[in-house]
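> I'd like to go over a predicted model; first the sequence, then the structure.
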Amino acid sequence: MQPVAVNPELDHVPAHHIGDRVIIAMEGVQKWFGDFQVLKDIDLQVRAGERIVVCGPSGSGKSTLIRCINQLEQHQKGRITVDGVELGRDLRTIDTVRREVGMVFQSFNLFPHLTVLGNCMLAPMKVRGASKAEARAIAMKYLERVRIPDQADKYPGQLSGGQQQRVAIARALCMNPKIMLFDEPTSALDPEMVKEVLDTMIGLADDGMTMLCVTHEMGFARSVADRVIFMDRGEIVEQAPPEEFFANPKSERTRNFLGQIL
Ligand code: ADP
Ligand code: MG
């Protein structure tokens, strides 16, 4: 197998500190949709500060896996613990988890009738009880961080896809999450906008954010991930640091998949 070409435009993220603390723990997690089993016995531990890329064929359960971590979906067997809180014990765990876990989707999911600023102010006011002035200050801080403070008064429909996705990242950051989940954040973007979003994510990684990213951007995986996970048919088939994952994939299924996307 040929080594994978690194996207030369992506900056390399330097080595960083990963704590010993496990911030997400999944043990024997199983989930069905009707009689279709979408997650089969998932065991996964993510340590604080760790950056994980999840890849795998369409329909393999990647979205469901990360949606279970912030309780957009409920698992039926096994245990998921996020920052010490076991999910599903009672309804309050949903609030706790939504506060600590930010999520960015493929399709941005911004509120079209609110301005960029309004989108970013909503959660701090509704969930954290921030005043309007406080929420505005928080929102502007993160819009600056994703480098679009000048778009604050526009509506999502007036922005490019790349800008909308950066707003979605800023909006998630406004909750000051401990963990960020990304579900194919660049898949809906025109090619020329992919880099601006990946660069924003690299900036977050650089700041030490714990990140779980479903993406097929293997250049990003190479330069940012501490660990790459390959899923197929509801299982974690293989996981390894990127150097090892790309140079020496162990399973036939992983090799087939990499052969198709690279
Ligand atoms: P991936 O993100 O890897 O493409 P998903 O987690 O979205 O995979 O989906 C895994 C499988 O579960 C697919 O076969 C999909 O059709 C099915 N699935 C996902 N969401 C639902 C749902 N809400 N109801 C029924 N089936 C679903
Ligand atoms: Mg998906």
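Received the coordinates, thanks. Numbering: from 1, shown residues only. Ligands and ions are numbered 1, 2, ... in the order given.

> packing partners for the longest helix seen in the chain?
The helix spanning the most residues in the chain, taking DSSP state H as the definition, is helix 191-206. Under the contact definition 3 or more CB pairs under 8 Å, 6 or more residues apart in numbering; DSSP states H and E, helix 191-206 sits against helix 161-173, strand 210-214, helix 218-224. Every C-beta, even on glycine, is put in place using the N, C-alpha and C of the backbone.

> determine which of those approaches residue 194 most closely.
With CB to CB as the criterion, residue 194 lies closest to helix 161-173 of the helices and strands packed on helix 191-206, at 7.6 Å.

> contacts for the closest one?
Residues from elsewhere that reach helix 161-173 (CB atoms under 8 Å, 6 or more residues apart in numbering): 102-105, 108-110, 116, 119-120, 122-123, 139, 142-143, 145-148, 151, 156, 159, 180, 185-186, 188-190, 192-194, 196-197, 200-201, 204.

> now intersect those with the strands, please.
Judged by DSSP state E, these include 102, 103, 104, 180 as members of strands.

> tell me who's in contact with the closest residue to residue 101 other than its chain neighbours.
Closest residue to residue 101 in three dimensions, ignoring its sequence neighbours and counting by CB to CB, 6 or more residues apart in numbering: residue 70, at 4.4 Å. By CB under 8 Å, 6+ apart, the contact list for residue 70 reads 82, 97, 98, 101, 103, 181.

> ok now the lowest-mean-pLDDT helix or strand in the chain, how far from the chain's centre?
With mean pLDDT, DSSP states H and E as the measure, the helix or strand of the chain carrying the lowest mean pLDDT is helix 92-100 (a mean of 85). Computed by CA atoms, centre = their mean, to the nearest Å, the chain-centroid distance of helix 92-100 equals 17 Å.

> now that helix against strand 210-214, angle please.
Here helix 92-100 points in a direction 100 degrees away from that of strand 210-214 (axes from the mean of the first three to the mean of the last three CA atoms, to 10 degrees).

> and helix 92-100, what's buried?
Buried positions in helix 92-100, judged by neighbour count with 16 or more other CB atoms under 10 Å: 93, 97, 98, 99, 100.
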